[in-house]
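> Fold the following.
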Amino acid sequence: MPFPGVADRFRPVRIAYEARVDEQRRYVEVTLSPGAEVGLPLPGDHLVLLALLQDLVGHADSRGKMPFATRVLFARLGWGDGGRNYAMLKEALDRL
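Next up is the predicted model:
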């Protein structure tokens with residue numbers, strides 16, 4: 001999924017694509033509308049999402065909750081445990 005540039009992250013994004021389902025062409029169009037305060041995800045946010053998905057495999061409970069340790073997530077991302085990284089993580093999670 002393409003992420004918008006920083007300047008465009010507060011505008012809706014239209015994504016259209018074609019897929020084959022049961023040997024038939026299907027056209028799908030999705031419009032993502034950003035929240036007024038946080039905007040759409042930034043390009044680096046997908047790394048946070050992928051790191052969380054790695055933790056999710058086998059760890060989600062039946063209520064759909066997923067606990068994670070920030071130090072493990074930071075290690076997976078190659079981030080230090082400084083205060084700015086906690087702020088970056090919170091902002092990425094808010095956008096996602």
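
> how much space between R14 and R71?
Separation of R14 from R71 (Cβ to Cβ, to the nearest Å) stands at 39 Å. Placement of C-beta: from N, CA and C, glycine included.

> Near P41, how many other residues are there?
Using other Cβ atoms under 10 Å, P41 has 20 other residues around it.

> for it, helix, strand, or coil?
At P41 the chain is in coil, as set by DSSP: H, G, I helix; E, B strand; the rest coil.

> what does the model give it for pLDDT?
P41 is assigned 79 on the pLDDT scale.

> Give the closest residue to it in space, chain neighbours not counted.
Using Cβ to Cβ, 6 or more residues apart in numbering and skipping residues adjacent in sequence, the residue nearest P41 is R95, 4.6 Å away.

> which residues does that neighbour contact?
Neighbouring residues of R95 by Cβ atoms under 8 Å, 6 or more residues apart in numbering: V38, G39, L40, P41, L42, D45.

> Centroid-wise, who is the farthest residue in the protein?
In terms of distance from the mean C-alpha position of the chain, E23 ranks first, at 30.4 Å (Cα atoms, centre = their mean).
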